[in-house]
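**Q** got a structure for you, letters missing:
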């Protein structure tokens, strides 16, 4: 693989990393006035026509994410790090919507208990384990020696370095 990528030809890796960071910062900044506007203009309640579809669809997505994370962990794939983070985010989102949409009803207590007893501890565990796996990765990565400090190139692990068993991928 060359140092150039189709998406950003000719840009040095550090500049590519900075451009991505600038783009994300601009997105966050643009979201602030949008969020304020929504907070000021959205009604406090709204009748939803596809409530069941929304919640069942989200739970199906959560099931797929949990199952994928389990399968990748079983196979000892490094991709489990990404899936564990994504699953944790979905669990946190589920907690947020369960509690915020049940606020003001007697169901908020059950949502809070489920959040504290299952969803949030599992999300914290997944984030903790993913970060522990990241800590086991060789650093600096092999491609950093070639000048790619943005970590955007993937190259084989140089000879002599070993990957911990929990991070090996088959093949």
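**A** All right, it came through fine. Note that the coordinates shown come from a computational prediction; the quantities given were computed from them, not determined experimentally.

**Q** can you tell me which residues contact residue 104?
**A** Listed by CB atoms under 8 Å, 6 or more residues apart in numbering, residue 104 has no contact partners. For the C-beta atoms, the positions are set from N, CA and C on the backbone; glycine is no exception.

**Q** where does it land in three-state SS?
**A** coil (DSSP: H, G, I helix; E, B strand; the rest coil).

**Q** give me phi/psi at it?
**A** When read as degrees, to the nearest 10, the backbone of residue 104 gives phi 90, psi 0.

**Q** mind checking the longest helix of the chain?
**A** helix 13-41 (DSSP state H).

**Q** Can you name the secondary structure element that comes next after it?
**A** For helix 13-41, the succeeding helix or strand toward the C-terminus, using DSSP states H and E, is helix 51-74.

**Q** Give me the contact list for that following helix.
**A** Contacts for helix 51-74 (CB under 8 Å, 6+ apart): 48, 79-80, 83-84, 86-87, 90-91, 94, 97, 126.

**Q** Now do the buried residues in that helix.
**A** 62, 65-66, 68-69, 72-73 (16 or more other CB atoms under 10 Å).

**Q** Return the distance of the spatially closest residue to residue 48 that is not a sequence neighbour relative to residue 61.
**A** Nearest residue to residue 48, sequence neighbours excluded (CB to CB, 6 or more residues apart in numbering): residue 54, at 7.1 Å. Residue 54 sits 11 Å away from residue 61 when distances are taken as CB to CB, to the nearest Å.
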